[in-house]
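1. fold the following for me, if possible:
(one chain, ligands or ions: 2)
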Amino acid sequence: MTADAAGAVREGFRRVHGGSPEGVWAAPGRVNLIGEHTDYNDGFALPMALPQAVVVAARRRGDGLLRLHSAQGGAAATAVLRVEDLAPGATEGWARYPAGVVWALRERGLAVGGADVYLDSTVPAGAGLSSSAALECAVAVAYDELYGLGMARPELARAAQHAENAYAGVPCGVMDQMASVCCAGGHALHLDSRSLEVRQVPFDLAGHGLRLLVLDTRVKHDLADGAYAALRAGCERAARLLGLPALRDLDGAGLPAALTRLPGELVPLVRHVVTENARVGRAVAELAAGRPEALGPLLTEGHASLRDDYGASCAETDLAVAAAVAAGALGARMTGGGFGGSVIALVRAGEAADVAAAVAEAFAAAGRAAPAVLEAVPSPGARRIG
Ligand code: ADP
Ligand code: MG
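-> Ligands and ions are numbered 1, 2, ... in the order given. Sure thing, here's the model as predicted:
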């Protein structure tokens with residue numbers, strides 16, 4: 001994210017709101033390397049921030065109005081809201097995310113008022129790359145600085161998650177927001193979703209002759225929202241039946257006995273969560289030992305678990321994973337909530353073009369448009385850029 005991006009967003013702000021913003025902030029989208037559907041089980045994850053980000057230019061207003069404009073907002077690009085009227089259910093469309101952040105800050109008793117806000121984004125929306133968390137976190141860091149809140153990063157992530165859960169009505173965990181605010185360039189983020197402790201794990205792809213491709217299938221199945229909520233509810237029910245605070249409290253050693261105490265439909269869910277938490281630990285150990293290529297088999301194993309046990313994959317992401325691995329990728333998996341969205345593929349740098357071409361060919365053979373290809377470069381988390 002460059003000075004150019006900040007300049008362009010300042011210009012957009014001037015056109016829409018007039019005058020200059022008090023600052024420009026950026027918050028990135030993310031891919032999750034491993035640890036999927038673990039965050040709402042208080043478990044572990046290993047996301048990294050993308051270079052793609054939501055950029056926000058903002059200026060406080062003294063009259064209690066929140067004037068929002070998104071360059072990606074289409075026909076409903078502008079929303080004008082009264083801060084004191086913000087309430088879950090009171091806001092429509094994309095404005096629920098930024099308005100929800102302002103509401104969540106006020107719910108914490110913080111004295112924040114209105115603002116002129118101009119947003120522009122390079123994170124594709126609905127691709128499983130967390131454009132929604134990037135949007136929330138960009139607004140959260142802007143408000144934190146504009147209103148002198150001095151909030152710690154995990155608190156900002158919690159407020160952004162609260163906005164998404166309670167205001168936008170999406171029952172997500174905290175990983176996306178933690179990734180957007182806490183990631184560091186050149187690193188993956190080892191996240192404990194219970195304590196919100198984080199550890200920066202060096203992730204030097206280029207130095208090891210590797211690249212991480214993001215294959216955006218550009219499909220999002222309608223069942224996604226309901227299915228996500230049902231999976232989450234299933235995990236919570238399993239933890240209750242096992243007498244545990246969360247599935248995080250079950251490890252591989254306790255798994256076989258625990259599975260005998262659960263109704264059949266919950267067995268694969270629990271198996272995924274427990275094995276996935278273990279995969280995060282193994283991935284962190286490999287990265288810490290300077291073996292990023294060893295991530296490959298863990299990605300593919302994680303995908304199989306999401307597909308066969310958790311049921312969060314779909315035909316398109318399965319096809320992209322299979323085609324990438326068949327073409328020589330070291331490993332691949334769906335990333336994000338699933339039921340569409342994006343696949344990540346770890347490849348040797350010299351083979352990236354061949355892998356992308358093989359995936360496009362497999363999609364063509366299945367009568368589908370080729371996935372959009374991005375490159376995931378471990379990038380910094382939310383910050384002021386202008
Ligand atoms: P993801 O987070 O994987 O991209 P979501 O469905 O969680 O997918 O979030 C996508 C939604 O976030 C969009 O439908 C829109 O409401 C909102 N959104 C994301 N980026 C923008 C943007 N630049 N401007 C306005 N709204 C956005
Ligand atoms: Mg989202």
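2. got the buried residues for the top helix by length along the chain?
-> With DSSP state H setting the assignment, residue counts place helix 267-288 as the longest helix in the chain. Neighbour-count burial for helix 267-288 flags 267-281, 283-284, 286-287 (criterion: 16 or more other CB atoms under 10 Å). In short, each C-beta sits where N, CA and C put it, glycine included.
3. which residues touch the next helix or strand after it?
-> Going down the chain from helix 267-288, the next helix or strand is helix 295-304, by DSSP states H and E. Residues outside helix 295-304 that contact it (CB atoms under 8 Å, 6 or more residues apart in numbering) are 33-34, 36, 276, 279, 282-283, 286-287, 313, 317-318, 321, 325, 329-334, 344-346.
4. the very next helix or strand once past helix 295-304 packs against which elements?
-> Note on helix 295-304: by DSSP H and E, the next helix or strand toward the C-terminus is helix 315-326. Secondary structure elements in contact with helix 315-326, counted by 3 or more CB pairs under 8 Å, 6 or more residues apart in numbering; DSSP states H and E, are strand 210-220, helix 295-304, strand 331-335, strand 340-348, helix 352-365.
5. mind naming the longest strand for the protein?
-> strand 47-61 (DSSP state E).
6. check which helices and strands the helix or strand just after that strand sits against.
-> Next helix or strand after strand 47-61 toward the C-terminus (DSSP H and E): strand 65-70. Packing partners of strand 65-70 (3+ CB pairs under 8 Å, 6+ apart): helix 3-17, strand 78-82, helix 96-107, strand 114-121.
7. show the average pLDDT along strand 65-70.
-> Averaged across strand 65-70, pLDDT comes to 98.
8. same deal with stretch 307-315?
-> 97.
9. thinking again about what came up before, send the alpha carbons of the longest strand of the chain over as PDB?
-> The C-alpha atoms that make up strand 47-61 are tabulated as PDB, following Å, rounded to 0.1, in the frame of the first residue of the first chain:
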ATOM      1  CA  PRO A  47      -3.400 -16.300   8.900                       C
ATOM      2  CA  MET A  48      -1.300 -13.800   7.000                       C
ATOM      3  CA  ALA A  49      -2.200 -10.400   5.700                       C
ATOM      4  CA  LEU A  50      -2.500  -9.700   1.900                       C
ATOM      5  CA  PRO A  51      -1.200  -6.600   0.100                       C
ATOM      6  CA  GLN A  52      -4.900  -6.000  -0.900                       C
ATOM      7  CA  ALA A  53      -6.500  -3.600   1.600                       C
ATOM      8  CA  VAL A  54      -9.400  -1.300   2.400                       C
ATOM      9  CA  VAL A  55      -8.200   2.300   2.500                       C
ATOM     10  CA  VAL A  56     -10.100   4.800   4.400                       C
ATOM     11  CA  ALA A  57      -9.800   8.600   4.600                       C
ATOM     12  CA  ALA A  58     -11.700  10.200   7.500                       C
ATOM     13  CA  ARG A  59     -12.400  13.500   9.300                       C
ATOM     14  CA  ARG A  60     -14.400  14.000  12.500                       C
ATOM     15  CA  ARG A  61     -17.700  15.800  12.400                       C
END
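10. flag every buried residue along it.
-> 47-59, 61.
11. mind checking pLDDT for Asp4?
-> On the pLDDT scale, Asp4 is placed at 88.
12. Met1 now?
-> With respect to pLDDT, Met1 scores 60.
13. and for the one 10 residues further on?
-> Reading off the confidence values, Glu11 has pLDDT 98.
14. can you pull the residues of the stretch 1-150 of the chain lying near ligand 1?
-> Within reach of ligand 1 by CB under 6 Å from any ligand atom, the stretch 1-150 of the chain has these residues: 54, 70, 72-73, 94, 97, 119, 121, 125-132, 135.
15. from the residues you listed, list just the buried residues.
-> 54, 70, 72, 94, 97, 119, 121, 125, 127-132, 135.
16. domains of the protein?
-> 3-201, 203-375 (automatic domain parsing).
17. off-centre distance for the longest one?
-> Taking CA atoms, centre = their mean, to the nearest Å, the mean C-alpha location of domain 3-201 is offset from the chain mean by 11 Å.
18. residues contacting the spatially closest residue to Leu255 that is not a sequence neighbour?
-> Nearest residue to Leu255 in three dimensions, chain neighbours excluded: Val274, at 5.0 Å (CB to CB, 6 or more residues apart in numbering). Going by CB under 8 Å, 6+ apart, Val274 touches 247, 250-252, 255.
19. and Ala45, how far is that from ligand 1?
-> Distance of Ala45 to ligand 1, computed by CB to the nearest ligand atom, to the nearest Å: 15 Å.
20. now that residue. Its backbone dihedrals?
-> The phi and psi torsions at Ala45 (degrees, to the nearest 10) take the values phi -150, psi 170.
21. again, but for Gly173
-> Gly173 adopts backbone torsions of phi -80, psi -160, taken as degrees, to the nearest 10.
22. just to revisit the earlier point, of all the buried ones among the residues of the stretch 1-150 of the chain next to ligand 1, which comes closest to Ala159?
-> Each of these was checked against Ala159 using CB to CB; the closest is Tyr97, at 12.2 Å.
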